[in-house]
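Colleague: Mind looking at a prediction? Sequence and model below.
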Amino acid sequence: MGIPAAPSEVLLFCSVLHNSPEGADRAAAELVGLYGNTAYRSPALSFPYTSYYEGEMGSPLNRIVLAFERLFPRDALPAVKNETNRIEEGLRKDGKRTVNLDPGILSLENVCLATTKPYSHRIYLSRGIWAEVTLMYRKDSYQPLEWTYPDYASKDMLGMFNLLRKHYKERSRCRAA
């Protein structure tokens, strides 16, 4: 019989899809106000993977990824997703979103994204939020799964998450000492 135990805290990150640096900066400022200083901010990454968001957000679209210094409990993800939805709403312009925020958590084992949409490979958490294991760590790197979005499976994103994993591992080690 296994003995239930609290899991380790995780690295919280948020992807900010945007069509203007100003919109990304406003979203980043709100996220920092809620979750504290960032340990990492990616350069702007081009987003050529789908035109799904262009009707609402325009084009060209770019993404930045923010990772926060403070570690979070894994069960914070539903509250974080609901807060990022509130931020998106507050940053609308003429009724249209100016940013799309995708929060997630990174652990030594995987990268999970929060979503409001159920699907066969997603698990309900609470407060209307599901979780999706997007990347799994094996063979010295995060690896995409059959449902992983193409942008998260890209070489740039995998490299970034592997870098963040090293930071998280060191941070976890320091906290345990």
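Modeller: Arrived safely. Just so we're clear, the structure is a prediction, and the values are computed from it rather than from any experiment.
Colleague: Now do the contacts for the residue nearest to residue 152 when sequence neighbours are not counted.
Modeller: If the residues on either side of it in the chain are set aside, residue 152 comes closest to residue 134, at 5.3 Å by CB to CB, 6 or more residues apart in numbering. In this view, the C-beta of every residue, glycine as well, is placed from N, C-alpha and C. Taking CB atoms under 8 Å, 6 or more residues apart in numbering, we find residue 134 in contact with 104, 110, 111, 112, 113, 144, 145, 148, 149, 152.
Colleague: packing partners for the host helix or strand of residue 78?
Modeller: Here residue 78, judged by DSSP states H and E, is contained in helix 77-90. Helix 77-90 makes packing contacts with strand 10-18, helix 21-35, strand 99-106, strand 110-115, strand 123-126, strand 129-138 when contacts are defined by 3 or more CB pairs under 8 Å, 6 or more residues apart in numbering; DSSP states H and E.
Colleague: Now it: buried residues?
Modeller: 77, 78, 79, 80, 81, 82, 83, 84, 85, 87, 88 (16 or more other CB atoms under 10 Å).
Colleague: quick check: mean pLDDT across it?
Modeller: Rounded to a whole number, the mean pLDDT of helix 77-90 is 97.
Colleague: Can you report how many residues lie near residue 11?
Modeller: Using other CB atoms under 10 Å, residue 11 has 26 other residues around it.
Colleague: and what of residue 24?
Modeller: Neighbouring residues of residue 24 were enumerated by other CB under 10 Å; the total is 21.
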